[in-house]
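In: 3D model of this:
(chains A, B and C)
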Amino acid sequence: MKLKITRDALVPFASVLVALAIGAILIAAQGHSPVQTYHVLIVRGFESTAGLQATLSKAGILIMSGLAITVGLRAGLFNIGAQGQVLSGALAATYIGYRIHGLPMYIHIPVALAFGALCGALVGGFAGLLKATRGVHEVISTIMLNSIMAAIVDYLTQNQFRLKSQPNTRTPDMLHSARLPHIFGYPTGFVLAVLLAIFVSWVFKKTTTGFELETVGRNRSAAWYAGISVKKSIVLGMLLSGAIAGLTGGLFSSETTGYFVPTFYGGIGFDGITIALLGRANPIAIIPGAILIGGMRSAQSAIQFEAGVSPDLINLLLALVLFFATAPFLAKLIRSNSKSITTTSGWGS
Amino acid sequence: MKKSLVAGATAVALAVLGFAAPASMAATNDDSKCGTAGVTCIGVVTDIGHVTDKSFNQAAWEGAQAGAKAVGGIANYIESNAATDTEYGNNIDLFAAKHYNVIVTVGFLEANATVAAAAKYPDIKFIGVDQFLDTTKTTPNLAGLNWHEDQAGFIVGYLAGYLTKTGKTGAVVGMNIPPVYRYAAGFQNGVAYAAKELKKKYPVTKIIYHPAADNAFSDPAFGASNSAQLLSQGYDVIFAAGGGTGNGGLARIAKAKGKFCIGVDVDQWNTVPEAQACLVTSAEKLIGAGVTDLVKSYKAGTFAGGNVYGKVGFAPYHALSSKVPAAVQAKVAAVAKKILAGSLSTGVK
Amino acid sequence: MQRVFGSINIKSWKFLLTAAVLIVWIYCYVANGDVTNSVVASGMRFGMPLALASMVGIMCERSGIVNIGIEGTMLLSGFTGFYVASYTKNIIIGLIIAILTGMLTSFVHALMTIQWQMDQIIAGTIINILASGLTSFLYKEGSTVPNTWPIFDIPILSRIPFIGHAFFSQQGPIQYFGLILIPAIWVLIYKTRWGLRTRSVGENPGSADTAGISVIKVRMINVVLGGAIGGLVGGFICLELVGSFSKEFTAGAGFTALALMIFGRWNPMGAFAAAILFGLAQALSTQLQIFGVNNIPNQFITLLPYVFTILVLVFSAGKVRPPAAEGKVYKKEEA
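Out: Purely as a prediction, here's the structure:
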């Protein structure tokens, strides 16, 4: 349960370059131009205003879901099933967003998001409780809870929460007062996410709670000897992780879609794992990774339309980046002293 | 030494993969002249999934190509990579920026993005495939293309009612969403209609839905296992409808002797050849033809917004024609005629 | 022996559960034999891919390596197996390629975790993401295989009353093979020298090393063998259950398999039983739909297996004890 964080930013940077180089070989092998493809990627993902706005919007969500996983990892918990918490948070926030009328924006948005976070926390916290009291490993319980939440959310969206005038399963639109505003077209969610990252970083650096969580994450028996309640920390860790995951769902509803359809949220929880690992479970370090991935994702369609390359290239690039960023040979080549990171060591309770 | 060997091997393996990779679909058609008078450009924005999915996206893309050919224009597509309004909206924007004349969006998930885009670009005609519009809120440049799936379901259900020896019929289908429900409920009523004609009492047709999940339409193991469960309890005609989930069912039923299976959407005789032993017909909806007709109406200047219904039907019996008595074939043809003409109601709301 | 089967209170819990399942089964069989056979057989069909997938986890973890890349292993091997079968028009070659792909994928996992001493969870995640990226990037629709493995009854065995129809009838060859393979893995782990070495490496690599066992070799071989099983499952789903490859067809099955492995306490027979129970819950939820139970919403019937798994874990409680050295990098003390 050790968590060593490298200060060497060169390795992730180099791994992006290597991944892009391999990507270029694949693109050329398919008879397309790598130069043009990467040009489109840069223009559509980062250079054009619309592209940058889309990128930051996606990056905000990715930072949040990455934070959810990060908080867990720091406390020695692998919240692999954050998806269920994202879903429940999203539906809860959407519900508050369309159901409660007459609130001013500065109250409606926080209430909706808070309710989303609460529901996410309940699901995550339940998994934490199962682990603390009955020794049920969170990898199992959260995966089972994913399916359970998917079914419950589907039931609610098809019945109580359904917009009856539409034949398709969806909720009514959130009221304008519950929609996160954009500032000059730029998403506010991104700012929230960065603030949250700073806050999480502060919690782990400066607060007793953060210290206790991390100690439990590092070495459970040492924490026990130090008088820290391991059970409390486990529940708290999952509560926090779930709350952030729920908040991610709520933010997504409030900022991008404005209504709830279960399929909108596919993969958010899973992406969080990649982001957290790329950022080596460091709340601040996950931000550049999230922006990079957000940019790649928002340029995905343009790559196909303007360069003719399969959009699935992006997923492959991501896997390669993660591979080279964590495998040691690149680090050795650069002669960096960065040590490989350790997340969690197995299933023991 | 060892490590450089490994790295070298990895690079070689990746290069080989690259060359073995299928050249991605034909480079995009030249659309530089779009926007000039007399040039018709048609853009297709797929739902998540490729234009070669043997299903919805492919059919719509083929319809658009046929339409382009008929009016002497060009067609291009963009495959969506995330099921969100933002993603769909961005993809529509890519076409709009190049002055495309007709934009086809595929699948009900794109409904909201399409409605918004139609309002944003009043000069472009939009075709929303499988999107039922609330016409009080949509602009006249948007047509929602729908089908009476219950009619196709009813026809094949009627056939099933005549084919079953045990009187037990079932449907193994994807997630409970409106088009799937209409297929299944139509099938159920079709069987009941045949039973009434035969003056027999059949147990109600069993409908087994896949639980709500991301893989609801791509879970062949679910389709196969549930079909087998029905088969072993004497169910002898099974409607397996729902992408990969249904295909799993078809493949499993084909292995049992003397049972019938019925496919969906397109003539699955061609798309799932391993099911030929049992595939008596498929409930079809002519997606491509619907798109082509609307494209033609654009060129003719008769494009009308609002909800439009495309044609449905049932696929030929192929080699299993010998297993369907001539008298039954005649009856099915007669009922199909009545259903399609609207003189016989399917009883599905 | 006692340690293998767990402590006394676990044993009594297991005994109670087994007895309860048996009683319900016999009762149902007497009440309606055909439906009961059909549900049990269906439970087997649902459970077998999961049971085999959990064997991958057991092989790896017994030797001390966590493998959450089962998902990716199955995905990649299903992919190559299907396309090779489609290209060569031969499903036997396809299956062999699937198994080889599984071994190769696991070899990469072994390389990352054992050779490069990377974090095992991260290594598994990389395998999953890489598999998903590669298979969807290279994916091409429109291929078909000439046929899939046939289904048949096993002579004599299928006529045994009570269990014959449920276990030995109307299944495909890989499904039946699983019935042999899983006990074989149990024997391998608990009754052979190799198994003893594997377990000692997984529990205490230091003393195993002192005793002259090559920790790295034992782990490498176990992980690659596990990969072979993962490849078999990929081929099983794509070439026996259905003759096609669909993107992300695994849809979390690899993770469910890990849950079942822990549920079964790293014991092959235990994981098998857990998988069958899980499969039975699925078959039961289908059966409720067949029976036309309409007053419970369909969504709640379908979540039965998941609730059931959590409940069983909650009540079985006790200490779930994984192999002691699992997940830890082993560094040989250099002289």
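In: in chain A, which residue is closest to the centre?
Out: By C-alpha atoms, centre = their mean, chain A has its centre lying nearest to residue A:65, at 1.6 Å.
In: go ahead and confirm that one touches residue A:82.
Out: Yes - under the criterion of C-beta atoms under 8 Å, residue A:65 makes contact with residue A:82 at 6.5 Å. (C-beta placed from N, C-alpha, C; glycine too.)
In: between these two, what contacts are shared?
Out: A:245, A:268, A:269, A:272 (C-beta atoms under 8 Å, 6 or more residues apart in numbering or on different chains).
In: which SS class is residue B:207?
Out: Assigned with DSSP: H, G, I helix; E, B strand; the rest coil, residue B:207 falls in the strand class.
In: in the stretch 101-250 of chain A, what residue comes closest to chain B?
Out: Using C-beta to the nearest C-beta, the single residue of the stretch 101-250 of chain A nearest to chain B is residue A:154, 3.3 Å away.
In: chain center to whatever helix or strand residue C:208 lives in, what's the gap?
Out: Assigned by DSSP states H and E, residue C:208 belongs to helix C:205-210. Between the centre of helix C:205-210 and the centre of its chain there are 29 Å (C-alpha atoms, centre = their mean, to the nearest Å).
In: pull out the buried positions in the lengthiest helix in chain C.
Out: If you go by DSSP state H, chain C has its longest helix at helix C:33-62. Buried residues in helix C:33-62, defined by neighbour count with 16 or more other C-beta atoms under 10 Å in any protein chain shown: C:35-62.
In: of the residues you listed, list those near chain A.
Out: Contacts with chain A within the buried residues of helix C:33-62, counted by C-beta under 8 Å from any C-beta of the partner chain: residue C:61.
In: specify the local secondary structure of residue B:137.
Out: Recorded secondary structure, residue B:137: coil (three-state DSSP).
In: which positions in the stretch 101-250 of chain B make contact with chain C?
Out: Near chain C, when you scan the stretch 101-250 of chain B using C-beta under 8 Å from any C-beta, you find B:170, B:176, B:204, B:206-215, B:218-221, B:223-226, B:228-230, B:232-234, B:243-244, B:247-248.
In: quick one: which of those sit in strands?
Out: Cross-referencing these against strands under DSSP state E gives B:170, B:206, B:207, B:208, B:209.
In: farthest pair within those?
Out: Maximum pairwise distance in these, criterion C-beta to C-beta, is 11.7 Å, between B:170 and B:209.
In: more neighbours: which of these two?
Out: Neighbours were counted for residue B:170 and for residue B:209 using other C-beta atoms under 10 Å in any protein chain shown; residue B:170 has more, 30 against 24.
In: any idea how far residue B:197 is from the more buried one?
Out: Plainly put, residue B:170 is 20 Å away from residue B:197 if you go by C-beta to C-beta, to the nearest Å.
In: for residue C:97, same thing?
Out: As judged by C-beta to C-beta, residue C:97 and residue B:197 stand 52 Å apart.
In: comparing these two, which shows the higher neighbour count?
Out: Taking other C-beta under 10 Å, residue C:97 and residue B:197 do not tie; residue C:97 has more neighbours (23 against 13).
In: and the more buried one, that one's in a strand?
Out: No - counting by three-state DSSP, residue C:97 falls outside a strand, being helix.
In: touching, it and residue C:81? I think so.
Out: Yes - Residue C:97 is in contact with residue C:81 according to C-beta under 8 Å; the separation is 5.5 Å.
In: from the ones in strands among the residues of the stretch 101-250 of chain B next to chain C, which is closest to chain A?
Out: Distance to chain A across those (C-beta to the nearest C-beta) is lowest for residue B:209, with 10.5 Å.
In: follow-up on the earlier one: may I see the buried residues of the helix or strand that the helix holding residue C:208 is followed by?
Out: Counting by DSSP H and E, the next helix or strand C-terminal to helix C:205-210 is helix C:215-235. Across helix C:215-235, burial judged by 16+ other C-beta under 10 Å covers C:215-216, C:218-235.
In: next, count neighbours for residue 137.
Out: Answering for chain A, as no chain was given. Number of residues near residue A:137 (other C-beta under 10 Å) recorded here: 24.
In: my question was about chain C
Out: Residue C:137: 25 surrounding residues under other C-beta under 10 Å.
In: low-confidence ranges in chain B?
Out: By pLDDT under 70, the weakly predicted segments of chain B are B:1-28, B:49, B:54.
In: longest helix in it, please.
Out: In chain B, with assignment by DSSP H, the single longest helix is helix B:178-198.
In: which parts of it are buried?
Out: So, applying 16+ other C-beta under 10 Å, buried residues of helix B:178-198: B:178-195.
In: what does stretch A:277-284 give?
Out: For stretch A:277-284, burial by neighbour count (16+ other C-beta under 10 Å) applies to A:277, A:278, A:279, A:280, A:281, A:282, A:283.
In: dump that stretch to CSV, keeping only the CA atoms.
Out: What follows is stretch A:277-284, C-alpha atoms only, in CSV (Å, rounded to 0.1, in the frame of the first residue of the first chain):
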residue,chain,number,x,y,z
LEU,A,277,-3.0,6.3,-12.8
LEU,A,278,-1.5,8.7,-15.4
GLY,A,279,-1.4,11.3,-12.7
ARG,A,280,0.1,8.8,-10.2
ALA,A,281,-2.7,9.4,-7.8
ASN,A,282,-1.6,13.0,-7.3
PRO,A,283,-4.6,15.4,-7.3
ILE,A,284,-2.7,18.2,-9.1
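In: that one vs chain C: in contact?
Out: Yes - applying C-beta under 8 Å from any C-beta, one finds stretch A:277-284 touching chain C at residue A:277.
In: quick check: mean pLDDT of that stretch?
Out: In this model, stretch A:277-284 carries a mean pLDDT of 86.
In: what does that stretch rub up against?
Out: Under the contact criterion C-beta under 8 Å, 6+ apart, stretch A:277-284 has outside partners A:3, A:5-6, A:12, A:66-67, A:69-70, A:73-74, A:197-198, A:200-201, A:204, A:285-290, A:293, A:321-322, A:325-326, A:341, A:343, C:122, C:125.
In: show the model's pLDDT score for residue A:207.
Out: pLDDT recorded at residue A:207 is 92.
In: could you check how many residues crowd around it?
Out: Neighbours of residue A:207 under the rule other C-beta under 10 Å: 11.
In: what's near enough to touch the residue nearest to residue A:51 when sequence neighbours are not counted?
Out: Nearest non-adjacent residue to residue A:51, counting by C-beta to C-beta, 6 or more residues apart in numbering or on different chains: residue A:44, 4.6 Å away. Shown in contact with residue A:44 (C-beta under 8 Å, 6+ apart): A:51, A:298, A:299, A:302, A:303, A:306.
In: pLDDT at the fourth one, what is it?
Out: Think residue A:302. 86.
In: give the burial count for it, as a bare number.
Out: Based on other C-beta under 10 Å, the number of other residues close to residue A:302 is 22.
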